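# Provided below for reference: sequence and predicted model.
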Amino acid sequence: MPGSDRPGRLELWGGIECSHVQIGAVIRDQLREQGHWWRPRDLDRVAALGIRRLRMPVLWGAIAASGRPDFRWPDRRFARARALGIDPIAGLLHHGWGPGGLTPLDERFTPAFAAYAGMVARRYPWLRDYTPVNEPVTTARFAGLYGLWHPHGRDEATFLRLAFGAIEATAAAMTAIRRHRPDARLIQTEDVGRSFAPPALAEQASHENTRRFLGFDLLCGRVDVEHPFHSRLLQAGISERRLAALAERPCPPDILGLDHYLTSDRWLDPDVAAHPHLRAGGNGRQVYVDVAAAHQPVLHPQLGVLPRLHELHARYHLPVAITENHNGCTREEQLRWLAEAWAAARQARSEGVDVRAVTSWAMFGAYDWNSLLCDRTGFYESGAFDLRHRPPRLTAVGRALAGLAKHGSWEHPVLDAPGWWHEGDLPDEPLLAVTAAPDWWPCLQEAAMMRRLPLRRAPSGEGGQRDSPDGPADEARLGQLRIDGAGRADDPAIRFVWRQAGRDRLRIMAEAVTDTARDTALHAVLDLILDQTEGVFRLSKLQAGGQYRILRLSPVLRPASGQVLPDDPGDRPSVPARRVAEDGSVRQNHT
């Protein structure tokens with residue numbers, strides 16, 4: 001149960017994207033950019049899914065931005081969370097540093113951060129779980145090695161000083177917190193994706209695979225004179241005294257947090273010409289491109305959540321939680337990635353790894369993470385809720401989380417096919433029967449292949465066909481989609497109608513004058529169907545990359561009788577679906 005120190009049933013946790021990052025003179029504040037700062041009912045939406053543990057921000061750089069900490073916002077949010085039965089995991093820094101741009105390069109950072117942590121613990125004595133610094137090594141890489149975030153360093157010394165300083169501050173913060181709450185738990189998060197490379201770059205991959213564990217190694221007191229990074233830290237300007245202090249008085253995490261994405265595992269490719277759209281990097285001796293290893297089929301058995309869970313267990317023998325799980329992609333791929341993480345956690349538990357939880361991260365989505373926040377384009381990725389609709393609209397991911405939180409299982413027919421990162425064929429049984437003009441079929445077939453969603457061409461009259469007394473006219477598992485209109489400059493209007501179990505469930509209007517806008521409209525409609533969304537909507541601002549706005553014109557559709565049909569998930573007919581069971585297996589389930 002939540003709060004227990006002993007492993008029991010696998011828990012489902014949640015998280016709200018809260019990065020507070022300085023880039024040049026600009027602060028990227030995700031809480032405000034996505035509107036969560038002004039939406040107190042978001043916590044009610046999370047609680048309604050059955051989630052009882054949530055990563056929540058009390059960010060030093062935001063709360064103390066004016067110099068004097070102002071706790072009015074977290075006071076209200078924590079009070080509401082407690083009233084809803086949600087146990088927070090308090091995050092004090094999330095990819096950013098202190099107020100006024102204060103970083104671990106400044107000797108004032110650690111004592112000031114520890115003082116702030118003690119202030120938080122004194123104000124909220126009931127609060128037990130903390131992540132003082134989210135992903136300290138990853139943040140130090142982006143800020144000190146790659147030059148993307150403040151202080152924009154581009155050398156190993158700056159990276160190491162930032163990383164060590166963040167870990168030193170974490171230990172000091174936990175000491176301050178435990179003066180007020182002796183049993184406070186450190187849930188330390190990090191992305192420990194593994195690097196792979198051909199033989200020519202094996203040494204570089206080995207270096208990066210040691211570096212990814214540096215934060216955990218420091219906290220666990222493992223960085224002694226024998227550690228590969230001990231001499232590097234000394235050369236970077238970290239004194240022997242500071243290194244020895246951490247080694248002699250370690251602060252091991254109570255739970256190791258694994259943040260893992262499809263792009264976490266990396267492939268170092270010396271074939272620069274094969275990636276003309278990417279900027280080459282290097283180590284001063286060799287030039288190569290750093291790309292997602294998911295595109296290397298031969299590596300697939302070594303990629304993903306399960307191997308990383310086993311690595312953490314073998315190295316530290318500490319409890320583990322998957323503390324970030326998110327896939328910025330189309331809906332079925334988000335569902336497949338969630339299913340894979342849940343199954344991996346269950347399998348790891350069965351193999352002796354003490355996995356406590358899986359966390360749905362970015363429950364309300366995130367902005368501009370496709371550029372690591374460096375480009376302010378408003379590029380949005382949805383999560384359990386979709387902010388392109390007001391109020392936030394529940395997605396199929398949110399429905400899946402509700403099933404996992406309440407029953408330990410969930411189902412959806414898209415799980416018949418594997419994610420794009422695995423080899424696999426399109427299932428034979430169609431999910432959707434489509435009626436559309438011939439010029440729609442090239443983009444429909446492309447969408448079906450890309451998303452592994454089998455579509456069937458319905459006869460021109462089938463889309464409006466009524467059910468017979470013997471059963472539904474459609475044989476596709478998700479019903480029928482009818483598309484009227486061309487979506488071209490000379491005929492921009494498009495009307496989509498989704499029909500299932502004898503009635504129209506979804507109607508969407510859009511206007512498109514380019515192929516890009518038309519494709520975006522189609523993918524948006526497919527997402528809405530997978531979400532089992534009902535009502536009448538209008539799509540607007542159709543752009544590449546799945547970017548659009550959606551306006552609900554009516555929450556319900558009226559059949560010919562005029563009776564209002566409720567938009568209640570319990571009223572929706574079930575369909576043959578693949579089911580993620582509590583034991584992590586995936587089974588065919590006909591209901």
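It's in.
# could you use CA atoms for every contact and neighbour count after this?
Fine.
# just give the number of residues close to residue 307.
Counted with other C-alpha atoms under 10 Å, residues neighbouring residue 307 total 16.
# quick one: it from residue 209, how far?
Per C-alpha to C-alpha, to the nearest Å, residue 307 is found 13 Å from residue 209.
# and for residue 539?
45 Å.
# who has more neighbours out of those two?
residue 539 (22 against 16).
# pretty sure the more buried one contacts residue 548?
Yes - assessed by C-alpha atoms under 8 Å, residue 539 is found in contact with residue 548 at 6.8 Å.
# before we move on, the earlier item: quick check: neighbours shared by residue 307 and residue 209?
Here residue 307 and residue 209 share no contacting residue, scored by C-alpha atoms under 8 Å, 6 or more residues apart in numbering.
# pLDDT-wise, which helix or strand of the protein ranks last?
Here the helix or strand of the chain ranked lowest by mean pLDDT, DSSP states H and E is strand 586-589, holding a mean of 41.
# would you mind measuring from residue 94 to residue 262?
20 Å.
# so the two - more neighbours on which side?
Neighbour tally, residue 94 and residue 262, criterion other C-alpha under 10 Å: the higher count belongs to residue 94, 23 against 20.
# beta partners of that one?
Beta-bridge pairing for residue 94 (DSSP bridges): residue 134.
# now it: how far from residue 398?
Separation of residue 94 from residue 398 (C-alpha to C-alpha) stands at 24 Å.
# then residue 22?
31 Å.
# outline the domain layout of the chain.
With domains defined by automatic domain parsing, the chain comprises 11-368, 432-563.
# of all the ones you listed, which lies closest to residue 409?
domain 11-368 (9.4 Å; C-alpha to C-alpha).
# what distance separates the start and the end of the closest one?
29 Å.
# what is the neighbour count of residue 19?
Neighbours around residue 19, by other C-alpha under 10 Å: 20.
# in the stretch 251-400 of the chain, which spans are helices?
For the stretch 251-400 of the chain, applying DSSP state H, counting those that start in this stretch gives helices covering 305-316, 331-350, 396-407.
# most tightly packed of those helices?
Most buried of the helices of the stretch 251-400 of the chain by mean neighbour count (mean count of other C-alpha atoms under 10 Å) is helix 331-350; its value is a mean of 22.
# packing partners of that helix?
Judged by 3 or more C-alpha pairs under 8 Å, 6 or more residues apart in numbering; DSSP states H and E, helix 331-350 is in contact with helix 305-316, strand 320-325, strand 355-360, helix 396-407, helix 515-530.
# let's see it at 7 Å
Judged by 3 or more C-alpha pairs under 7 Å, 6 or more residues apart in numbering; DSSP states H and E, helix 331-350 is in contact with helix 305-316, strand 355-360.
# and the shortest one, which strands flank it?
The sheet places strand 355-360 alongside strand 11-15 (parallel), strand 320-325 (parallel), with pairing taken from DSSP bridges.
# out of those strands, which is closest to residue 243?
strand 320-325 (25.6 Å).
# with just CA atoms, put the closest one into PDB.
C-alpha atoms of strand 320-325 as PDB (Å, rounded to 0.1, in the frame of the first residue of the first chain):
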ATOM      1  CA  VAL A 320      13.700   0.600  -7.700                       C
ATOM      2  CA  ALA A 321      10.800   2.500  -9.200                       C
ATOM      3  CA  ILE A 322      10.200   3.500 -12.800                       C
ATOM      4  CA  THR A 323       9.800   7.200 -12.000                       C
ATOM      5  CA  GLU A 324       9.200   8.500 -15.500                       C
ATOM      6  CA  ASN A 325       7.400   6.700 -18.300                       C
END
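# quick check: angle from that strand to helix 305-316?
Interaxial angle, strand 320-325 versus helix 305-316 (axes from the mean of the first three to the mean of the last three C-alpha atoms, to 10 degrees): 140 degrees.
# who's in contact with strand 320-325?
189, 255-261, 338, 354-361 (C-alpha atoms under 7 Å, 6 or more residues apart in numbering).
# that strand: which residues count as buried?
320-325 (16 or more other C-alpha atoms under 10 Å).
# out of these, the closest to residue 26 would be?
residue 324 (25.7 Å).
# now the closest one. Nearest residue, chain neighbours left out?
Nearest residue to residue 324, sequence neighbours excluded (C-alpha to C-alpha, 6 or more residues apart in numbering): residue 259, at 4.4 Å.
# distance of the one you found relative to residue 504?
Relative to residue 504, residue 259 is positioned 41 Å away (C-alpha to C-alpha).
# who has more neighbours, those two?
residue 259 (24 against 20).
# and the more buried one, how far from residue 308?
When residue 259 is compared with residue 308 (using C-alpha to C-alpha), they lie 10 Å apart.
# and residue 216, by the same measure?
For residue 216, the distance to residue 308 - C-alpha to C-alpha - is 14 Å.
# and what of residue 556?
45 Å.
# same thing with residue 339?
Residue 339 is 16 Å from residue 308, by C-alpha to C-alpha.
# next one: residue 140
Counting by C-alpha to C-alpha - residue 140 and residue 308 are separated by 21 Å.
# could you do residue 149 as well?
27 Å.
# before we move on, what about residue 184?
With C-alpha to C-alpha as the criterion, residue 184 and residue 308 are 26 Å apart.
# again with residue 459
48 Å.
# pretty sure residue 21 is touching residue 95, no?
Yes - Residue 21 is within contact range of residue 95, at 5.9 Å (criterion: C-alpha atoms under 7 Å).
# so these two - more neighbours on which side?
residue 21 (25 against 21).
# just the strands in the stretch 151-300 of the chain please.
185-190, 195-196, 255-259, 266-269, 281-282, 287-292 (DSSP state E, counting those that start in this stretch).
# export the ones you listed to TSV and tack on distance to residue 32?
Putting the strands of the stretch 151-300 of the chain into TSV (distance: least, C-alpha to C-alpha, whole Å) gives the following:
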stretch	distance to residue 32
strand 185-190	23
strand 195-196	34
strand 255-259	23
strand 266-269	31
strand 281-282	34
strand 287-292	30
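# quick one: pLDDT of residue 2?
Looking at residue 2, its pLDDT stands at 36.
# OK, contacts around the residue nearest to residue 263 when sequence neighbours are not counted?
Closest residue to residue 263 apart from its sequence neighbours, by C-alpha to C-alpha, 6+ apart: residue 292 at 4.9 Å. The neighbours of residue 292, taking C-alpha under 7 Å, 6+ apart as the test, are 263, 265-267.
# looking at the residues you listed, which is nearest residue 495?
Among those, and counting by C-alpha to C-alpha, the member closest to residue 495 is residue 263, at 36.1 Å.
# how many other residues sit next to the closest one?
Around residue 263 there are 15 residues (other C-alpha under 10 Å).
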